[in-house]
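Asker: give me coordinates for this.
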Amino acid sequence: QVQLVESGGGLVQAGGSLRLSCAASGTTSSIHTIGWYRQAPGKQRELVARFTSTGSTTYADSVKGRFTISRDNAHNTVYLQMNSLKPDDTAVYYCTAEVLLTIIPFEMRDYWGQGTQVTVSS
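Answerer: Modelled structure (predicted):
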């Protein structure tokens with residue numbers, strides 16, 4: 001079991017910055033990938049940024065050059081630094097982790113945080 005708790009959302013003007021945090025607890029050693037998704041009203045949930053199983057990073061094209069994902073392994077925390085925010089970035093941001101439950105049989109499970117609202121005003 002893994003628990004994910006996001007924080008850091010809020011209201012910001014266009015061009016501003018926010019930093020989201022995701023604190024992971026539980027069997028964090030079993031986390032395979034971890035990152036951020038977002039969902040805007042009336043739209044599907046989409047990947048924002050994540051760490052892959054090899055430790056490399058992946059970003060949505062819409063946030064490349066503006067957002068940076070990072071992590072503090074000592075504190076089991078993942079961050080999303082968001083700069084040059086646009087109204088289109090308005091969404092609920094979710095932290096998600098893909099967790100290895102068992103090797104035999106091979107079983108993975110996705111865990112999600114409760115989400116944090118980011119609102120960017122024009």
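
Asker: does Ser29 count as helix, strand or coil?
Answerer: Following DSSP: H, G, I helix; E, B strand; the rest coil, Ser29 is assigned to helix.

Asker: where in this structure is pLDDT low?
Answerer: Across the chain, nothing is flagged by pLDDT under 70.

Asker: for it, longest strand please?
Answerer: strand 91-102 (DSSP state E).

Asker: so what are the sheet partners of that strand and their directions?
Answerer: Strand 91-102 has the following sheet partners, assigned by DSSP bridges: strand 31-39 (antiparallel), strand 107-112 (antiparallel), strand 116-121 (antiparallel).

Asker: tell me who's in contact with the residue nearest to the spatial centre of the chain.
Answerer: In the chain, the residue lying closest to the centroid (Cα atoms, centre = their mean) is Trp36, at 1.9 Å. When contacts are counted by Cβ atoms under 8 Å, 6 or more residues apart in numbering, Trp36 touches 20, 22, 47-50, 69, 78, 80, 93-96. Quick note: C-beta positions are derived from backbone N, CA and C, even for glycine.

Asker: alright, I will stop here.
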